[in-house]
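Colleague: Only the shape, not the letters, is given here:
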Ligand SMILES: [Mg+2]
């Protein structure tokens, strides 16, 4: 019998098999399976995460300048730190590149990682360069953990679900880049330069306001599914309440549910904290929208219209799964 491949089991099928086999160790407060690991050191608790951008997978030639690529490689990692309520601090970067890559491109990537890190209070402290068939940038980032990092587990039935900013723009930007559409603008900018929500994430953790949190990198439904699975709950979200730009609303509203790479935060908040949450969001100049609520696990994750009728949507992104139609 042929051995199952990644295309057979999918990214998340693989993780379900792999994660239970990863051994724990000294100082590990939270191992793999969340946005970051939490590790305890003699100097305090740290968050640790890694992410890669690969040509042909995350971007195509001409979509990102070397500077934009380096910046984005840092920012997507900072978003995972934000999702636990932490502050980005130290990173290392690996650049994989074909030998005919202009040397100045690699220098520009590295400088952009360092500059993006500095803007969020972090420092690039090392890296590696390797020959590869495709251009790729991988960043591993350490962050300072809050006293109580917000994990994906912890949401309870009755909690309200909030998202920051708007969703679907980055996926619309990818569509425009693929179509070589002349209508490039805000959506393509969102794809090129996400805005990790570090400030509001840190405030939510400090105030103990969110019971669970995740960043929306693979599409709202996919990431909400991860939060629900980790918390052992279900969720109901109302399609009209999911915030999206006028452009996404006009083109394809469902992109706000399934499009990836928005790097906004999705959090569950006990209803009694609603007022405090709104005050903190205003202070951080971060729009936060209530899109639904947490329910019992047996109810699953549902999207409903204004009359409460179910809206059928297929879930978000899996890196490996063969598309089934
Ligand atoms: Mg994440």
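Modeller: Now that the structure is in, tell me what you want to look at. Everything quoted here is computed from the prediction, not taken from an experiment.
Colleague: residues contacting residue 214?
Modeller: By Cβ atoms under 8 Å, 6 or more residues apart in numbering, the contact set of residue 214 is 35, 83, 152, 223, 224, 226, 227, 265, 266, 267. All C-beta spots, glycine's among them, are computed from the backbone N, C-alpha and C.
Colleague: Now, those residues that are in helices?
Modeller: 223, 224, 226, 227 (DSSP state H).
Colleague: wait, isn't the last one in contact with residue 152?
Modeller: By that I understand residue 227. Yes: between residue 227 and residue 152 there is a contact at 4.8 Å, judged by Cβ atoms under 8 Å.
Colleague: The residue nearest to residue 58 when sequence neighbours are not counted and the ion, how far apart?
Modeller: Nearest-residue entry for residue 58: residue 52, 7.8 Å, with adjacent residues in sequence omitted and distances by Cβ to Cβ, 6 or more residues apart in numbering. Look at residue 52 and the ion: by Cβ to the ion, to the nearest Å, they are 13 Å apart.
Colleague: again, but for residue 184
Modeller: Distance from residue 184 to the ion, counting by Cβ to the ion: 27 Å.
Colleague: Just confirm that residue is within a strand.
Modeller: No: applying DSSP: H, G, I helix; E, B strand; the rest coil, one finds residue 184 to be coil, outside a strand.
Colleague: Give me the pLDDT for it.
Modeller: Looking at residue 184, its pLDDT stands at 70.
Colleague: Contacts only, for it.
Modeller: 173, 176, 177.
Colleague: any chance of these in CSV, plus pLDDT and neighbour count?
Modeller: Below are those laid out as CSV (pLDDT from 0 to 100; neighbours: other Cβ atoms under 10 Å):
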residue, pLDDT, neighbour count
173, 95, 24
176, 93, 19
177, 93, 19
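Colleague: ok, so of those, who is nearest the ion?
Modeller: The ion lies nearest to residue 173 out of the contacts of residue 184, by Cβ to the ion, at 19.3 Å.
Colleague: Okay, strands next: where are they in this protein?
Modeller: 28-30, 37-41, 44-54, 87-97, 123-131, 136-144, 160-164, 212-216, 233-238, 264-269, 288-296, 301-304 (DSSP state E).
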